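> Mind folding the following:
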Amino acid sequence: MKKIRLKYKAGNIFGMIFWLFCVFLLLGCDQQENPTDTGKPAVVVRYKGTIIAVGDSLTAGLGVMEEDAWPAIMEKKLHRGGYHWQVINAGISGETSSGALSRMQWIVAQKPEIVILETGANDGFRGIPPVVVRQNISKAVQILQEADITVLLAGMQIVQNLGADYTREFAEIYPSVAHEQGCLLIPFFLQQVAGEAALNQADTIHPNEKGHAIIAETVYPFVKQAIGELSQQAKK
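Modelled structure (predicted):
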């Protein structure tokens, strides 16, 4: 009886050793299949604030890579300058001021602190009456400000294809709305880019990579100003 017991125990021991060997073998295979699994939690990026760039193809970056459009360049500039904010590109090619206005509630729902509103160029190309463009932009700014969102309005100018009066009335839209609504104004969004062949694509309308970089430089000081004002308000 005693020997039988010893054999039984030995069998259990060998069985246990074999079972443990299989477990270790499986664990080793699992580690080889997941060489990047370090067991460390994923890094969660936390931004101090959100900026949404609303616009048409000039913001969407038609003809260039997403990372070469001015909103992406702006985000990198902010990070280098110590401002850990994210910039979301919400540009839609071909959009008019009416289209931008129709998206305002969606923009508000994203809860950004700042919105850069660049719209109206396509209205100008289509000859839409400046009074209509002004109403759309003014209403868009109003909706954003009622949601406690800081607005940077990008001023736009057009060529005189539709006559001097139309060109003048169109250019007056942006400073007029900015004064009326009390928002920050970027005097001319395409400053140093419009009409420069080396900074635009073959269509002479849409900026190339170099043009987008200059737009980011133009907009950057106004974004810094807006962030600074928000920081001061938060301290009160």
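
> Three-state assignment for the residue nearest the centre of the chain, please.
Closest to where the C-alpha atoms of the chain average out (Cα atoms, centre = their mean) is residue 88, at 1.3 Å. When classified by DSSP: H, G, I helix; E, B strand; the rest coil, residue 88 comes out as strand.

> Please apply the same query to the one 10 residues further on.
Each residue gets one of three states, and residue 98 gets helix by three-state DSSP.

> quick one: contacts for the closest residue in space to it that isn't next to it in sequence?
For residue 98, ignoring the flanking residues on the chain, the nearest one in space by Cβ to Cβ, 6 or more residues apart in numbering is residue 136 at 5.5 Å. Using the backbone N, CA and C atoms, a C-beta is placed for each residue, glycine as well. Listed by Cβ atoms under 8 Å, 6 or more residues apart in numbering, the contact partners of residue 136 are 96-98, 100-101, 119, 123.

> quick one: contacts for the residue nearest to the centre of the chain?
Under the criterion of Cβ under 8 Å, 6+ apart, the contact partners of residue 88 comprise 50-53, 71, 110, 112.

> Please pick the buried ones from those residues.
Neighbour counting over these (16 or more other Cβ atoms under 10 Å) leaves 50-53, 71, 112 as the buried ones.

> Find the pair from the contacts of residue 88 with maximum spatial separation.
With Cβ to Cβ as the measure, no two of these lie farther apart than 71 and 110, at 14.1 Å.

> just for the protein, where's the confidence low?
Within the chain, the stretches falling below the threshold (pLDDT under 70) are 1-45.

> So which residues of it form strands?
Listed in chain order, the strands found in the chain under DSSP state E are 49-55, 85-91, 114-117, 150-154, 184-186.

> now, of these, which is deepest in the fold?
Among the strands of the chain, the stretch with the highest mean neighbour count (mean count of other Cβ atoms under 10 Å) is strand 114-117, at a mean of 26.

> Parallel or antiparallel, list what pairs with that one.
Under the criterion DSSP bridges, strand 114-117 sits next to strand 49-55 (parallel), strand 150-154 (parallel) in its sheet.

> First-to-last residue distance for stretch 74-88?
Counting by Cα to Cα, to the nearest Å, the length from the leading to the trailing residue of stretch 74-88 is 10 Å.

> buried ones in that stretch?
Buried-residue list, stretch 74-88, by 16+ other Cβ under 10 Å: 74-75, 77-78, 83, 85-88.

> Equivalent analysis for stretch 62-72, please.
Taking 16+ other Cβ under 10 Å as the basis for neighbour counts, the residues of stretch 62-72 that come out buried are 62-64, 68-72.

> Also stretch 100-113?
Applying 16+ other Cβ under 10 Å to stretch 100-113 flags 100-101, 104, 107-108, 112-113 as buried.

> on that earlier part again, with residue 202 as the reference, measure out to the residue nearest to residue 98.
The gap separating residue 136 from residue 202 is 30 Å, by Cβ to Cβ, to the nearest Å.
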